[in-house]
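Peer 1: Following is a predicted model, sequence given first.
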Amino acid sequence: MSIIAYGEGKRIRLTFCIDKKVGLRITESPLSNAKVVADLAGQYRITATVVESLLLDRWLAGFGEHIKGIKEL
């Protein structure tokens, strides 16, 4: 179970793009029960329902320049 998707708090639907070389582990991990991965040229587009939290913010920031277009749907 991922601590990003589970826990208490407001659940949000989030999408972002991440470089393939960095994002592969996200495609293989249980980020969310409601995770969709689109394979694009050189990157993945991830859409998932997660808990809005400081932990989520820090997790996303940890990918630095490899993550782009973070949006709440």
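Peer 2: Now that the structure is in, tell me what you want to look at.
Peer 1: now the residue positioned nearest the centre of the chain: how far from I18?
Peer 2: The chain has I46 as the residue nearest its centroid, 5.8 Å off, counting by CA atoms, centre = their mean. If you measure I46 against I18 using CB to CB, to the nearest Å, the figure is 6 Å. Every C-beta, even on glycine, is put in place using the N, C-alpha and C of the backbone.
Peer 1: Over to R25?
Peer 2: Here R25 is placed at a distance of 10 Å from I18 (CB to CB).
Peer 1: show me where the chain has helices.
Peer 2: For the chain, the helices defined by DSSP state H cover 20-28, 54-61.
Peer 1: re earlier: what touches both of I46 and I18?
Peer 2: Taking CB atoms under 8 Å, 6 or more residues apart in numbering as the contact criterion, the residues that touch both I46 and I18 are I26.
Peer 1: picking that back up, which stretch among the helices of the chain approaches I70 most closely?
Peer 2: Proximity to I70, assessed across the helices of the chain by CB to CB, is greatest for helix 54-61 (6.1 Å).
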